[in-house]
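Enquirer: Everything below, folded, please.
(2 chains)
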Protein chains: 2
Amino acid sequence: MKNIKRNTANVIIEVARQLFFEKGYEKVTTREISELAGISKAALYHHFKSKEDILFTIVNRASDELVNNMKQALAKNHPQNADLQEVIAGVSQEYMKTFFNNLDSIKILLHDIEYLKPELKEIILQKERENVQQLKDYIIDLQKSGRLKKYNPAALTFIFIGMMHWLYFWFDVQGKLTLSDMNEIIADVFVNGAGLRT
Amino acid sequence: MKNIKRNTANVIIEVARQLFFEKGYEKVTTREISELAGISKAALYHHFKSKEDILFTIVNRASDELVNNMKQALAKNHPQNADLQEVIAGVSQEYMKTFFNNLDSIKILLHDIEYLKPELKEIILQKERENVQQLKDYIIDLQKSGRLKKYNPAALTFIFIGMMHWLYFWFDVQGKLTLSDMNEIIADVFVNGAGLRT
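Expert: Residues are numbered from 1 along each chain as shown, chains lettered A, B, ... in the order given. Okay, here's the model as predicted:
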């Protein structure tokens, strides 16, 4: 029984994600979501209190995935371990993979977070800050061990994030340039640009 | 007479920009705009056909400013002239300045471009492409003259843009880190990361 409930909730989430992504949150109704999910409106409200509750669930899951995958990527690429190029490329590869796997949700997050009530919006923003903070701590570790130049660590963190995140606005996953090419270039520029020979 | 007309149009634009920025395009009415501008709704419709027409004017002006200021910045920092650090810092400084001067309009552009009808949206997207293209041509020139590594030029262009643009999401103009500090770090990382000694 619990599995069936969970599956229906997931179907609602998937359908809503697609509709929010294509039409924008504001224009989608819970009637549309329930119709496309093949359930009654009552069934939808059995799982979610409101359309906002669905939006929050979508962006909250994506935020958790970004935070957790970044955490794993940083742990896998320990700042003391392999060479700098290898750890930076390892981190950016994982980050880009997670990012592109959650592209629909991230678009919804960037575009529709304003529709969340302040206390829900704050939960999401807190996870974004946590994500930036763990990357910043990692960069500070690399600076302390003399492997990255001592630029302002926040600046360096956002430069790294910016190089990757901007892919969102232009990268064509069908195009000739692959994510793996892109990852190599980003790691090269960052390591040569901010790295120190040890 | 023409000046008075132009001034009223500008007041409408300023008021609408502020309202769109604060509340989001969808939630603002032409009644609100005209009231805050201190004019009648009829006067507003004398200047603009619709709310969409006002939105288009705002994002179109910002797009023109981005394209033109980038053009000037690239011309001022000719790829053959000074040392690489100097030209790259010159370009990014101008870019960031224009960007932060138009921050409200750029937020509106990123957030509300979907509300423009396809033919108007296309005009804006075309200007964005033009802006990227002129920077890409500049980077290709630097590559041809052996001053930047021959990474995929589109990748390099977007890495450069990404480092600057991401400021939009995090940079606190009131904070301790200044735009001028940030500009220096970005130019350093880019030049050391992608530059070649000549």
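Enquirer: before we move on, which element is A:Lys107 in?
Expert: Using DSSP states H and E, the element containing A:Lys107 is helix A:103-112.
Enquirer: Can you tell me the centre-most residue of chain A?
Expert: Residue closest to the average C-alpha location in chain A (C-alpha atoms, centre = their mean): A:Leu66, at 4.1 Å.
Enquirer: near chain B, which residues of chain A show up?
Expert: Applying C-beta under 8 Å from any C-beta of the partner chain, we find that chain A lies next to chain B at A:24, A:26, A:110-111, A:114, A:132, A:151-152, A:154-156, A:158-159, A:161-167, A:170-171, A:177, A:181-182, A:185-186, A:188-194. Just so you know, the C-beta spots here come from the backbone N, C-alpha and C atoms, and that holds for glycine as well.
Enquirer: which residues of chain A score low on pLDDT?
Expert: Along chain A, the parts satisfying pLDDT under 70 run over A:1-6, A:82, A:198.
Enquirer: what about the helices in it?
Expert: With DSSP state H as the definition, chain A shows helices at residue ranges A:2-23, A:30-37, A:41-47, A:51-76, A:84-101, A:103-112, A:118-144, A:153-165, A:167-170, A:179-194.
Enquirer: any residues touching the last one, and which ones?
Expert: Which is helix A:179-194. Here helix A:179-194 makes contact (C-beta atoms under 8 Å, 6 or more residues apart in numbering or on different chains) with A:84-85, A:88-89, A:92-93, A:96-97, A:100, A:148-149, A:151, A:156, A:159-160, A:163-164, A:167, A:171, A:173, B:151-152, B:155-156, B:159, B:188-194.
Enquirer: Buried residues, that helix. List them.
Expert: For helix A:179-194, a neighbour-count test (16 or more other C-beta atoms under 10 Å in any protein chain shown) marks A:179, A:182-194 as buried.
Enquirer: cool, and stretch A:99-119?
Expert: For stretch A:99-119, by 16+ other C-beta under 10 Å, it's A:99, A:102, A:104-109, A:111-113, A:115-116.
Enquirer: and which of the residues you listed is nearest chain B?
Expert: A:His111 (6.7 Å; C-beta to the nearest C-beta).
Enquirer: Go ahead and confirm that closest one touches B:His111.
Expert: Yes. Shown here, A:His111 and B:His111 form a contact pair, counting by C-beta atoms under 8 Å, at 6.7 Å.
Enquirer: Which residue ranges make up each domain of chain A?
Expert: For chain A, automatic domain parsing gives the domain ranges A:1-48, A:51-194.
Enquirer: and B:Ile124, which of the ones you listed is closest to it?
Expert: Nearest of these to B:Ile124, taken as C-beta to C-beta: domain A:51-194 at 13.4 Å.
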